[in-house]
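Q: Provide a 3D model corresponding to the input given below.
(one chain, ligands or ions: 2)
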Amino acid sequence: MAMEAMRAVQILNPSGEVTMPRPTRQRVMCVANQKGGVGKTTTTVNLAVALALHGNRVLVVDLDPQGNASTGLNVPHHAGVPDVYDCLIDQVPMEEVAQAVEGIPNLYCVPATIDLAGAEIELVSVVARESRLGRAIQGFPMEFDYVFIDCPPSLGLLTVNALCAAQEVLIPIQCEYYALEGLNQLLNNINLVKAHLNPNLDVSTILLTMYDRRTRLADAVEQDVRNHFGEKVLTSVIPRNVRVSEAPSYGQSVMTYDPGSRGATSYFEAAQEIAERGAKIGVAA
Ligand SMILES: Nc1ncnc2c1ncn2[C@@H]1O[C@H](COP(=O)(O)OP(=O)(O)O)[C@@H](O)[C@H]1O
Ligand SMILES: [Mg+2]
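A: Ligands and ions are numbered 1, 2, ... in the order given. Predicted coordinates:
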């Protein structure tokens, strides 16, 4: 119990001091995997909250018409609320759409409403259809250390916009099913975007999610992924933890919902690894 309480204080960081190093330049990270239910949104929300609680300025862009990241951060996103659709289609400045996340200083969210469902088709016929999101983020006058883009479970124009707006791709991989299957399609798309639209794009980070240590399969998947992607794979692995799945129904991340839980601890450690890598970007080894 005492250990758990100590961990909780460490995670909530009530003094607000910078305990995760800030990156040497802004990092725009696209959280993508065309498979649904692998932990994209959960990862986006929890990493964003963890980094913001530890002195980083963070923006979450909800790019999934289901609006789960908006729900998880308790940001209003019912029909009629200005959202990322307005930025993409009507080129409304992002600062008019972004909302401060209640209770988490330094964290902002650009919500997604049901309007976004139409964007995939409407984008086809607009000018500079692949670069709308990148321009909107670049035009945001506030400075952020991290921008996380939570992608929909598809490889359409919304995901292409996210890949064009980012320098880095973070791929959450679920440890349960045969994980590498289907990933080739995502990697091919990333290479196409890199070749034609965004030469700076890099798959920088792989995070293993929903790890169930009771199954031998999870271990096999982990070995496979580590052999394939090497040091891109974070050392921290996110366990399957019921507190993680309960948190969104309270409009919270697991970091605030149950900071002493294993889910919170592992997302905290993953965020710390990401921050430590970010502090080294552009600095000679
Ligand atoms: N580590 C975890 N432990 C338990 N449940 C999880 C965990 N990560 C995600 N979930 C649950 O799994 C479901 C899918 O996760 P989600 O992040 O929404 O995936 P995606 O955004 O890739 O579709 C959600 O109900 C979520 O609460
Ligand atoms: Mg999602």
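
Q: count the neighbours of residue 208 for me.
A: For residue 208, the neighbour count with other C-beta atoms under 10 Å is 25. Every residue, glycine included, has its C-beta placed from N, CA and C.

Q: my read is it is in a helix, agree?
A: No: per DSSP: H, G, I helix; E, B strand; the rest coil, residue 208 lies outside any helix segment and is strand.

Q: what sits against the residue lying closest to it once chain neighbours are set aside?
A: What sits nearest to residue 208 in space, not counting adjacent residues and going by C-beta to C-beta, 6 or more residues apart in numbering, is residue 237, at 4.5 Å. Shown in contact with residue 237 (C-beta atoms under 8 Å, 6 or more residues apart in numbering): 175, 207-209, 211, 222, 266.

Q: now, which of those residues sits nearest ligand 1?
A: residue 209 (5.5 Å; C-beta to the nearest ligand atom).

Q: quick one: pLDDT of the nearest residue to the closest one once chain neighbours are set aside?
A: Leaving aside its sequence neighbours, residue 209 sits nearest to residue 39 (C-beta to C-beta, 6+ apart; 3.5 Å). Reading off the confidence values, residue 39 has pLDDT 97.

Q: how far away is residue 39 from residue 114?
A: Using C-beta to C-beta, to the nearest Å, residue 39 is found at 23 Å from residue 114.

Q: which one of those two has more residues nearby?
A: Neighbour totals were compared for residue 39 and residue 114, and residue 39 leads with 22 against 15 (other C-beta under 10 Å).

Q: distance of that one from residue 72?
A: For residue 39, the distance to residue 72 equals 12 Å [C-beta to C-beta].

Q: can you give me the helices for the protein?
A: 2-12, 40-53, 68-72, 84-89, 119-122, 132-138, 157-165, 183-196, 216-229, 242-246, 254-257, 262-278 (DSSP state H).
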